[in-house]
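Engineer: here is a sequence with its predicted model. Questions after.
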Amino acid sequence: MAVATTHKPLTKAQLLHMLRQMLLIREFEDKTAEWYARGRIAGFVHLYNGQEACAVGVVAALEPQDILMSHYRDHGHALAKGAGTKEAMAELFGKETGLVKGKGGSMHFFDYQAGHWGGYAIVGGHLPLAVGVAFAYKYKKESRIVAVVMGDGTTPNGYFHESLNFAKLWEAPVIFIVENNLYGMGTALAVHSAVVEMTDKVCAYDIPAERVDGMDVVAVYEATRRAVEHVRDGKGPYFLELSTYRFRGHSMADPQRYRDKEEVAEWTHRDPILHMRQKLMEEGLLTEKAAKKMEDDVKREIEEAVRFAEASPAPPLEALTEDIYASPVSANPEAAIISTPSA
Ligand SMILES: Cc1ncc(C[n+]2csc(CCOP(=O)(O)OP(=O)(O)O)c2C)c(N)n1
Ligand SMILES: [Mg+2]
């Protein structure tokens, strides 16, 4: 469902900023792959190459006080929302200076100030949290909204349906965003979902829904603006499906046997960064020289982030028991013994 747009067109500065953000995320991801291969980044890592227009377009339409929550493919969302490249890279390196003190790693980025509230590894697990946060803003009469991002593979999940139901019942100020990259791990959309049209799924909850070209950052921005206006006006939740594609494997350990080279090539041809770069040049808003300078600046920023991450200290041993819910095991070993009920 498309709704009329009433806002002003994007300025040159905003458009250039969007291009730079996408370049920054791409470079961050490429360097992450490089340092993962060198054995300096460990654990599960899911890269965002190809999907940059989604995070950047969405965030451009939000206000700084709004919250973005995302799944484990979260580097792009965190950076787009304003997390520092240094702190993000340090998190991947498991360092004390990282976004969550080096304890979360790739799947658990979190920046309270920037409003990127996770980074969640459990598929769909963050959706009820997002609805809860959004409802709290409505309850407290704050003009803040929540945008929550997931993959297509999340939409058959129970959390998805429960969250949409409650969001609608409570008219919570939340935008559900599916980055449909056509696969959940190595399983194609038509194999994992009985209904492949996301908007058909959502009509069961009477939530307005749009499908958008997720390779076009301006289209994503425009659609998110419509969603933001609806949600902030107190009209309840909104749903966006962004059609996109990941250029790399599901995670760093994926031989990609489930998709053929032609399909990958076809989507790579629609690279959101090249698309935007070319569009800005055609409109006379960007020169080859300015584009080169922007690319060099971004490369320098990410190189500095890597240097910062490398030079940062590992978390101290005491940090092991900080920021956790459970108390450390008592110094008295008998106190830690769990009694078994007698027969
Ligand atoms: C509850 C749960 N079940 C299974 C997994 C294993 N798993 C990790 S990623 C993934 C696929 C999710 O695909 P999608 O939502 O499309 O996101 P994408 O990776 O494509 O961005 C699965 C099944 C998990 N992390 N959590
Ligand atoms: Mg997917």
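Structural biologist: Here it is on my side, so go on. Residues are numbered from 1 along each chain as shown. Ligands and ions are numbered 1, 2, ... in the order given.
Engineer: please make it C-alpha for all contacts and neighbour counts, starting now.
Structural biologist: OK.
Engineer: now for this protein, the helix or strand with the poorest mean pLDDT.
Structural biologist: Least confident helix or strand of the chain, by mean pLDDT, DSSP states H and E, is helix 198-202 with a mean of 94.
Engineer: packing partners of that one?
Structural biologist: Here helix 198-202 touches strand 209-213, strand 238-243, going by 3 or more Cα pairs under 8 Å, 6 or more residues apart in numbering; DSSP states H and E.
Engineer: show me which residues of the longest one are buried.
Structural biologist: By neighbour count, and taking 16 or more other Cα atoms under 10 Å as the criterion, the buried residues in strand 238-243 are Tyr238, Phe239, Leu240, Glu241, Leu242, Ser243.
Engineer: could you dump these to CSV with distance to ligand 1 and pLDDT?
Structural biologist: Below are the buried residues of strand 238-243 laid out as CSV (distance: Cα to the nearest ligand atom, whole Å; pLDDT from 0 to 100):
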residue, distance to ligand 1, pLDDT
Tyr238, 19, 98
Phe239, 15, 98
Leu240, 15, 98
Glu241, 12, 98
Leu242, 12, 98
Ser243, 11, 98
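Engineer: report the central residue of the protein.
Structural biologist: Central residue of the chain (Cα atoms, centre = their mean): His77, 3.5 Å from the mean position.
Engineer: give the burial count for the nearest residue to it once chain neighbours are set aside, as a bare number.
Structural biologist: Leaving out its chain neighbours, the residue that sits closest to His77 by Cα to Cα, 6 or more residues apart in numbering is Ala55, at 5.2 Å. Using other Cα atoms under 10 Å, Ala55 is surrounded by 29 other residues.
Engineer: and Tyr112, by the same measure?
Structural biologist: For Tyr112, using other Cα under 10 Å, the count is 12.
Engineer: now the one 5 residues further on
Structural biologist: Trp117 has 23 neighbouring residues, counting by other Cα under 10 Å.
Engineer: re earlier: do I have it right that the residue nearest to His77 meets Ala80?
Structural biologist: Yes - counting by Cα atoms under 8 Å, Ala55 does reach Ala80; the two are 6.2 Å apart.
Engineer: ok, and which of the buried residues of strand 238-243 reach ligand 2?
Structural biologist: For ligand 2, no contacts are drawn from those by Cα under 5 Å from the ion.
Engineer: which members of these are the farthest-apart pair?
Structural biologist: Greatest spatial distance in these: Tyr238 and Ser243, 16.5 Å, computed using Cα to Cα.
Engineer: ignoring the adjacent residues along the chain, who's closest to Val195?
Structural biologist: Lys201 (6.9 Å).
Engineer: the residue nearest to His77: which element?
Structural biologist: Per DSSP states H and E: Ala55 is located in helix 52-61.
Engineer: give me the distance from that helix to the chain's centre.
Structural biologist: Distance, stretch centre to chain centre, for helix 52-61: 9 Å (Cα atoms, centre = their mean, to the nearest Å).
Engineer: quick one, that helix and strand 209-213 angle?
Structural biologist: Interaxial angle of helix 52-61 relative to strand 209-213 (axes from the mean of the first three to the mean of the last three Cα atoms, to 10 degrees): 120 degrees.
Engineer: tell me the contacts of Lys81?
Structural biologist: Lys81 makes contacts with Val59, Leu68, Ala114, Gly115, His116, as judged by Cα atoms under 8 Å, 6 or more residues apart in numbering.
Engineer: just the mean pLDDT for stretch 106-125, thanks.
Structural biologist: The pLDDT scores in stretch 106-125 average 98.
Engineer: what does it contact?
Structural biologist: Under the contact criterion Cα under 8 Å, 6+ apart, stretch 106-125 has outside partners 43-46, 64-75, 77-78, 81-83, 88, 91-92, 99-100, 126, 150, 154, 157, 159-160.
Engineer: in helices, which of those appear?
Structural biologist: If you go by DSSP state H, the contacts of stretch 106-125 have His75, His77, Ala78, Lys81, Ala88, Glu91, Leu92, His126, Tyr159, Phe160 in helices.
Engineer: for Lys299, phi and psi?
Structural biologist: Dihedral pair for Lys299: phi -60, psi -40, per degrees, to the nearest 10.
Engineer: so what's it up against?
Structural biologist: Counting by Cα under 8 Å, 6+ apart, Lys299 makes contact with Leu24, Glu27.
Engineer: ok, and what's touching stretch 89-100?
Structural biologist: For stretch 89-100, the surrounding residues in contact (Cα under 8 Å, 6+ apart) are 32, 40-42, 83, 86-88, 101-106, 108-111, 305-306, 308-310, 312-316.
Engineer: if you count neighbours, what's buried in the helix or strand harbouring Ala290?
Structural biologist: Assigned by DSSP H and E, Ala290 belongs to helix 288-311. For helix 288-311, the neighbour count (16+ other Cα under 10 Å) marks 291, 294-295, 298-299, 301-303, 305-306, 308-310 as buried.
Engineer: the one helix or strand Gln21 maps to packs against which elements?
Structural biologist: Assessed by DSSP H and E, Gln21 sits inside helix 12-37. Counting contacts by 3+ Cα pairs under 8 Å, 6+ apart, helix 12-37 packs against helix 52-61, helix 75-81, helix 85-92, helix 272-282, helix 288-311.
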